[in-house]
Every structure is written in structure tokens, then in C-alpha cells.
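J.: kindly generate the corresponding structure for this input.
(chains A, B, C and D)
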2 protein chains.
Amino acid sequence: MSEKITIYDIAKKLNITAATVSRALNNNPKIKESTRDLVIKTAASMNYKQNKLALALKSGRSNNIGVIVPRIDSNFFASVIRGIEEELQPHGYQVIICQTHEDLKRESENLYTLIDAQVDGILMSVTAVSTENDGAFHNVLEKNVPLIFFDRSKHIDGVSSVTINDFKGGYIATKHLISEGCKYIAHLSGDQSLEIFKNRFLGYKQALLDSGMPFKEEYVVPVKSSVEAGKDAVNILLQLETPPDAIFSSSDFAALGAIQELKERNISIPKEFCVAGFSNEPFTKFMELSITSVDQSPLEMGKMSARVFLEQVDKTDTIKIEKKVVLAPELHIRKSSSRTNF
Amino acid sequence: MSEKITIYDIAKKLNITAATVSRALNNNPKIKESTRDLVIKTAASMNYKQNKLALALKSGRSNNIGVIVPRIDSNFFASVIRGIEEELQPHGYQVIICQTHEDLKRESENLYTLIDAQVDGILMSVTAVSTENDGAFHNVLEKNVPLIFFDRSKHIDGVSSVTINDFKGGYIATKHLISEGCKYIAHLSGDQSLEIFKNRFLGYKQALLDSGMPFKEEYVVPVKSSVEAGKDAVNILLQLETPPDAIFSSSDFAALGAIQELKERNISIPKEFCVAGFSNEPFTKFMELSITSVDQSPLEMGKMSARVFLEQVDKTDTIKIEKKVVLAPELHIRKSSSRTNF
DNA sequence: AACTGTTATGTAATCGATTACACGAAAATA
DNA sequence: TATTTTCGTGTAATCGATTACATAACAGTT
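T.: Purely as a prediction, here's the structure:
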């Protein structure tokens, strides 16, 4: 087994002090060139590796950043994380991942754990908007650890965020359904306490109004992001006096459930009924009856969040600048709503 | 902003030494109970948090473990990671994730980076079997950092692994196709240098032989794990003198491509042609024509890998014990191959 | 020769926690 | 009373790297 080589070992071998070795390795200009070369050569030959833990203790920076997401086994979050990773790795940061499983208590625990672990920053998508974890968030800010929200954010002074324009997403999806000739468009909505879902809903509403179509409360059905919820929603909607002829769902999974239920009832898609989802999950494209969906460019979102973080780290001394990056959503039109193109 | 509180701050306040504070906080039995209580109470009131970096430097353990996977935005790997996380978090470990993007150079870099970061262990799925990175692997073992392979493994003495029985997976999938009455079963195979793909192939072959069916080389088409590759494979297979009437694909994505191409050619599934895939990706279940697939229980695989790691960490002094855990695959029979049930 | 300046390196403190060893005081034993 | 134990705490080294400050050696200036 190879003993761990420290700068002291190198120093002893060369009959100089560790300070000189450290300076030589850090390209300190005060070191004679011959000494520097010798040290660097010796370090290489002894297979010296800097101890990052010692460096971290001394500098107070761990070079780890924490990422908190509801769950990792969803294409969206996994892709965001991939984006974060790709952007941060070249800067020497390692990413530590935590999952909340949509549980506020775990969110709080994760925040404390990451601060404990001395991370240099926290990038996260909040689990729900609630005051329950205010203490944990306050703790992060108090420690001056950069905090950045992506996708699902909370309003906290001085905290930056990277989101997509969910309003626009809802708007273009709905407008698209209208342009395909749909007259009665329903909406499967998510947890309205979260900005993202509220905005998707507002975009939907605005698109209706802008097109001179009436907005009806009964066309808005709250759902969880699951296939089952989508089926249930269709069952409710089809019992209405004037059942809808299209659905804009804030979740791809619910959209899928809706489609399954509609097929069950022999309602032809997209001829009689159009459906659009949100998130552009991989399966929406793979289906035989592919599903129209709003893409959130998760990779880009991850990279952007990382960049915002990097900006904030550099200027720790300056006043914190709250930056709100809003990415543009992109509608992927597929068979589930294409009366004309396909 | 809250200044960082150290044990020295507590010591000063109580007019005792940091050593006593440290001992009190660590429940050292030599400390008078009254002192211990006082220290603990004071620490709490001052909002003291142990500096993990200092602890890490002193103990040589970072409480971080590294996970290396080809990519994170695949349901399989994301689920394995989720399993690892769930098992390790309660033990105080944080998970650091690295991606190789199927690139051997990045695999090597990741290994060195993690060792650099002083991780307490590395859990990984290798990118490819090659001697190119032997140096990097050797480096890990030399540093006495526990190394555990999951899913895709390499043969290295003393290194444990957690895999599924891919041979059996291939076997039961093929047997199932045979039982559905398929007579000419083709196989879309993966990179044969990787055990997992080789074993799936061997399982397929054995199932044929056990059923008294001939094994034909021309029925084995190497593919990448992509939709396109699956389409191409079907095009090749259907040009054979005796085209097959079933496919066992080592990849769900290729299976999907095959199905799309078969439909294009108006070949009815499962009536004229049956298809089975591997991995049980979420979309296989969501399709209208759901796809039969072999489940690899990724969550369980992650948890099991974590457990094997925990075992190895505990007994650092004992001789390294190579442990090979093999999980059982499970066939999920769906419409793409169900002539009888549905 | 005396002084100043420059250059290269050494000395020692520091980051925060742990711990082997030492030591004084009190309690137990002879 | 003298001696040994036990108990509770202090002292100081340690983990490995960085860095403010000190200093030695030498060159240049007057």
C-alpha cells in the first residue's frame, strides 16, 4: 500500500521546509525557478497528491456544492443535475445530491446536512411553498452560503433563481390547441402554491381570454402528477354538461392517463379530442400516439443554475445580487394534438 | 451574519479547555455529568455545529462516497443512485456523483478526482472493459479505498460486485417467447466485452438449445442502445431467408425501435411477431402496445451495493473479502409478447 | 565600509477537532 | 498517616496545507 505523501515528505527529501514546497507547488513567484522545478519534479516522482481536506479546512471551502431535488429518478431532475455537473466539474466542484421525496421534513434535514458538510453552495428545487422550513433557509443565508433555486422556487430576498417561463408554456400550449380547432379546453392543474403550476394555469387562462374564449372554472381539475390522476380527471370532465374536447395538462403523466382513459372510451385522438402535456418526458415522444408537450430544457436549466452560482461565488464581498433567469419553453407538437400536420 | 462557533468559543465561555468540550460533546465517560450537561446546553444555545472538515482531516475520513455511472439521466442509473442514497444517508454518508458519458478517459479522471477528494469508498458501473484504466483502478485499491461494482463489473481480485443474473434474464425472456409459440427468435445484442451483454446473449442461446431449437448466428444482431439501432436491426433481420418471428433485445430502446419498424411494415404484434426488451424502462409500461421487459430491480441493486460497502468499511483491518451479490431478474410480461394472456 | 534593497527561504501560527499523556485533587486502602 | 486509585481536566501534539512575518544572503549604491 502506498503511504500518503505530504508536502513534509517532499520537504524532508529535498532538505527544505514544507512552506517552500507549498509555495513552489502553488507557483508562488518568490520561489527560485530551479527550486520550483526540483520540487515539482520530486512531487511527481513521489506521486504526491494534495490533500483536499486539509486545503478545505484551511480555506474554509470544501469545493462541494449541494443539490436538492424532490427525486432523482425522474428524467427532468436527472437532466438538470447532469447540466449542473457538466458546468461545475471543470471548475473543480463536486456535486452532492440529496432527495426530499416531496417531504418538507427531509428538505429541512437536507439543508442542515449540506451546511454541516460545509458545501460552498446549494442549488435546489423546492418541495413545496411553506413557511415550515423558513428556519432552515434562514440558516443557509446566515452562513452566507450561496443559494440558488431552479424550476420550483421560493421568494426570498437576495436569492437567485433559474426557471422557465411557465406562463408562456401554458400559453403556447393552449394557443396551439385552439389553433387546432379545439373549442372547449380543459386544464389539469398542479399544486397551486407552487409558482410553476400557478403560472401554467395563468398562461392557459390568458390564452383562452386572448382568443375570445370563455374561461370556465369547472374545466380546471387539480391533479397529482400521475397516470391514475389523469384518468380520474377525464372521468370527471366527461360528466360535465358540455364536456371538453381538449386537455392541457400541467403534467405529462396525467396527460398520459387522460389519453389512456379517452381511448378506453373510444374517443379518437386527435380527431375528436386533443391533449398536450408538460415536461417533455421521454415517453411522450416514444408512444405510438406521441404526446404534444412543453419542453423545459432541463439540461440548459442545470447549466444556467451552475453559472449563476459561479457568478455569486466569485463576488462574495459585493452585495448579493438577486438574479432571476427565465428560460423560454418550447412546444413539441406531436400526434396527440396534430389534426393538420400528421 | 452568524460567526462560526467552534469548541474553543464554548470553552472560553465556560472557562474550560477545548479538550473538555470535545470530550463532553462526544459523550466521553470520563467527563463529569454536570460538566457534560453544561457543555451540551451551552453548545446548543450558541448554535454550535461541528466542523466536518476538521473532523475529516483529523480522522482521514470524509464521509463522502463516490458513485460513477455512465450517465445519470437514465432511469436505471438514477434509480440505482436513489437506492444507494437511501441506504447510505442514515449512516451519515453523502453521495458524490460522477458521469463518464461512456468515455474511458472520463472514467479515469473521475476515479482520480474522487480519490483526490478523499472519498471513503467508490461504487461504480464500469463504462467498458478495457485495460486502459488499470492504472486508475490500481490507484484506488492502493489507497485502500473500498471499491464496489454494480451492474457492469470488471474482474479485479478482492473487489466485490452487485449484479443481476443477466444469463437468467436472457433465459427467461427467451423461454417466454418460445412458450408464446415463437419459432425463430432473434437477439439484439450489446457490447460483448461487457459481462452483462454477454450473459444476456448466453442465456438466450441456452434457452434455445434447452428447447431443442437451433441457434443461428445470423439471428444475432449487435446494436447500440438506441431506437434507431433497433429499426436498423429489423431491416437486416427481415431480409434473411427465414426471417425471425420474435426478438429478444438486450435494450429496451432497441426493442422500441424494432417495434416501430415492424409496425411501419404492418407486421402485427404480438400476433405475427413478439418482442421482449431488457431493463424495464418506464416507457415500456406506458406504451399503448406495452413492451415485455426484464426488470433489473435497480433500487434494490443500489441498496445492496451500499450495504456491501458498509460491510467493507467496518472491517478495514480484516482481509478483504470479495463478495459477489447476484440479484434475480424479473420478467414483466406485457402486450408486445402476450398472445395468450391479453 | 556602511547602508539599502532584493530575493529566497525558514519559522511559526492557523484552520477546528481529537486524543495520548500528564497532573492535581479527592477518595479509597493499608 | 501514608500510599495507592480513581476521577476529571488540562497540555500539547496531530491531521496537511497555507501564509504573515522574520531573516539570511547577496547585490547595488554612496
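J.: so which residues of the stretch 51-200 of chain A form strands?
T.: Remark: strands assigned in the stretch 51-200 of chain A by DSSP state E, counting those that start in this stretch are A:64-69, A:94-99, A:122-124, A:147-150, A:160-164, A:185-189.
J.: assign the closest residue to A:Thr35 other than its chain neighbours to helix, strand or coil.
T.: Nearest non-adjacent residue to A:Thr35, counting by C-beta to C-beta, 6 or more residues apart in numbering or on different chains: A:Ala24, 6.0 Å away. Heads up, the C-betas are built off the backbone N, CA and C, glycines and all. Going by DSSP: H, G, I helix; E, B strand; the rest coil, the secondary structure assigned to A:Ala24 is helix.
J.: check the separation of the first and last residues in stretch A:42-53.
T.: One end of stretch A:42-53 sits 22 Å from the other (C-alpha to C-alpha, to the nearest Å).
J.: how about it: buried residues?
T.: A:Thr42, A:Ala43, A:Tyr48, A:Lys49, A:Asn51, A:Lys52, A:Leu53 (16 or more other C-beta atoms under 10 Å in any protein chain shown).
J.: need those in CSV (columns: pLDDT and distance to DNA strand C).
T.: Compiled in CSV, the buried residues of stretch A:42-53 are given as follows (pLDDT from 0 to 100; distance: C-beta to the nearest atom of the strand, whole Å):
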residue, pLDDT, distance to DNA strand C
A:Thr42, 93, 13
A:Ala43, 94, 15
A:Tyr48, 93, 17
A:Lys49, 91, 18
A:Asn51, 93, 11
A:Lys52, 92, 13
A:Leu53, 93, 9
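J.: next, count neighbours for the nearest residue to A:Ser160 once chain neighbours are set aside.
T.: Spatial nearest neighbour of A:Ser160, chain neighbours left out: A:Lys323 (4.1 Å); criterion: C-beta to C-beta, 6+ apart. When counting by other C-beta atoms under 10 Å in any protein chain shown, one arrives at 14 neighbours for A:Lys323.
J.: you'd agree A:Leu177 is up against A:Gly277?
T.: No. With contact defined as C-beta atoms under 8 Å, A:Leu177 does not reach A:Gly277; the gap is 11.6 Å.
J.: the two: who's more crowded?
T.: A:Gly277 (31 against 27).
J.: check contacts around the residue nearest to A:Thr35.
T.: Residues in contact with A:Ala24 (C-beta atoms under 8 Å, 6 or more residues apart in numbering or on different chains) are A:Ile31, A:Thr35, A:Arg36, A:Val39, A:Ile40.
J.: among those, name the buried ones.
T.: By 16+ other C-beta under 10 Å, the contacts of A:Ala24 give A:Ile31, A:Arg36, A:Val39, A:Ile40 as buried.
J.: assign a three-state SS to the first one, would you?
T.: Spelled out, that is A:Ile31. coil.
J.: tell me how far it lies from DNA strand C.
T.: The gap separating A:Ile31 from DNA strand C is 4 Å, by C-beta to the nearest atom of the strand, to the nearest Å.
J.: that residue: what's it in contact with?
T.: Contacts for A:Ile31 (C-beta under 8 Å, 6+ apart) come out as A:Thr20, A:Arg23, A:Ala24, A:Val39.
J.: among those residues, which are within reach of DNA strand D?
T.: A:Arg23 (C-beta under 7 Å from any atom of the strand).
J.: closest to B:Ser293 out of the strands of the stretch 51-200 of chain A?
T.: With C-beta to C-beta as the measure, strand A:94-99 is the member of those nearest B:Ser293 (25.2 Å).
J.: sorry, back to before: just the ones of the buried ones among the contacts of A:Ala24 in helices?
T.: A:Arg36, A:Val39, A:Ile40 (DSSP state H).
J.: pipe the residues you listed into a markdown table and attach pLDDT per row.
T.: As requested, those are exported to a markdown table (pLDDT from 0 to 100):
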| residue | pLDDT |
| --- | --- |
| A:Arg36 | 92 |
| A:Val39 | 93 |
| A:Ile40 | 94 |
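J.: gap between the two ends of stretch A:205-218?
T.: 13 Å.
J.: flag every buried residue along it.
T.: Under 16+ other C-beta under 10 Å, the buried positions of stretch A:205-218 are A:Lys205, A:Gln206, A:Ala207, A:Leu208.
J.: same thing with stretch A:130-140?
T.: In stretch A:130-140, counting by 16+ other C-beta under 10 Å, buried: A:Asn133, A:Ala136, A:Phe137, A:Asn139, A:Val140.
J.: between the contacts of A:Ile31, which is nearest A:Val220?
T.: Closest approach to A:Val220 among the contacts of A:Ile31 (C-beta to C-beta): A:Arg23, at 66.5 Å.
J.: wait, the closest one sits on A:Ile40?
T.: No. The pair A:Arg23 / A:Ile40 is not scored as a contact, 11.6 Å apart, by C-beta under 8 Å.
J.: ok so, going back, redo the ones in helices among the buried ones among the contacts of A:Ala24 as a markdown table? Include distance to A:Ser293.
T.: Below are those laid out as a markdown table (distance: C-beta to C-beta, whole Å):
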| residue | distance to A:Ser293 |
| --- | --- |
| A:Arg36 | 57 |
| A:Val39 | 58 |
| A:Ile40 | 54 |
